[in-house]
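> Mind folding the following:
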Amino acid sequence: MNGPTLRHNRLVFYEDLIRDVNKVLREFLKLSGAKCAFLIDLEGHMVTRQGVTQHLDVDTISALVAGSFAATKEMARILGEDEFSVLFHQGKTDSIQLSLVGDRTLLTVIFDESTTIGMVRLYASQTSKRPAELFAKEEESRAIRAAAGVQDPDLSDGFVGSAKDKLNDLFGG
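Below you'll find the model as predicted:
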């Protein structure tokens, strides 16, 4: 992929957007009783997370969730479906539900026997719409800025040099 295509395809999340998504995830956890909720991009990168995650290897979970969703998408295609938008895995004590959010991220919810799948499904269905709306609004805002000639910040311009300078200052290099 070349520059403009890569820039269009990559997900960019700004602080305000993540703050708003985190608020949505916290509300979801409060309503559903789930242990934690992640937002993961379809490439397996963690976007944000809320809840109790200290004991979890979130990087591995993120990669596996994306892989599971990709495999299930292919199964759906073979069955004549566009995709399966919700996946559920039930364990003895912990379970996980994956819900497609927009077309580029997954709401990943981990919950135990203290909550029910019905509560998770009810609130996840509602919750997954809200970040998608926030993403669409951000994309529209970006398009307006681009039409006005205002570009998103590009970290490659001067960022590397500045980062090296800061690291040298920090580590005395």
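
> Setting aside sequence neighbours, what's the nearest residue to R49?
F38 (4.5 Å; CB to CB, 6 or more residues apart in numbering). Where C-beta positions appear, they are placed from N, C-alpha and C, glycine not excepted.

> just Q90 next, same as before
The shortest distance from Q90 to any non-neighbouring residue, by CB to CB, 6+ apart, is to I117 (7.6 Å).

> repeat for T115
Spatial nearest neighbour of T115, excluding adjacent residues (CB to CB, 6+ apart): G33 at 3.6 Å.

> Dihedrals phi and psi, that neighbour?
When read as degrees, to the nearest 10, the backbone of G33 gives phi 80, psi 10.

> One more: D112?
Main-chain torsions, D112, degrees, to the nearest 10: phi -120, psi -170.

> what about it, neighbour count?
Neighbours of D112 under the rule other CB atoms under 10 Å: 13.

> How much space separates it from Q126?
Per CB to CB, to the nearest Å, D112 is found 21 Å from Q126.

> circling back: correct me if wrong: the residue nearest to T115 contacts E113.
No: the pair G33 / E113 is not scored as a contact, 10.6 Å apart, by CB atoms under 8 Å.

> where exactly do the helices run in the protein?
3-9, 15-32, 58-78, 117-147, 159-171 (DSSP state H).

> If you count surrounding residues, which of G33 and E113 has more?
G33 (14 against 10).

> picking up where we left off before, now do the same contact list for the residue nearest to Q90.
With contact set as CB atoms under 8 Å, 6 or more residues apart in numbering, I117 has these partners: 88, 90, 95, 97.

> And the residues you listed, which is closest to H55?
S95 (16.1 Å; CB to CB).

> For that closest one, list each beta-bridge partner.
Note on S95: beta-bridge partners by DSSP bridges are Q90, F111.

> Let's see the pLDDT reported for it.
Reported pLDDT at S95 in the predicted model: 95.

> Can you report how many residues neighbour it?
Each residue near S95 was counted by other CB under 10 Å, and the total is 20.

> separation between it and E140?
36 Å.

> picking that back up, pLDDT value on the residue nearest to T115, please?
95.

> Contacts only, for it.
By CB under 8 Å, 6+ apart, the neighbours of G33 are 111, 114-115, 119.

> The residue nearest to R49 against V58, yeah?
Yes: using CB under 8 Å, F38 is in contact with V58, at 6.8 Å.
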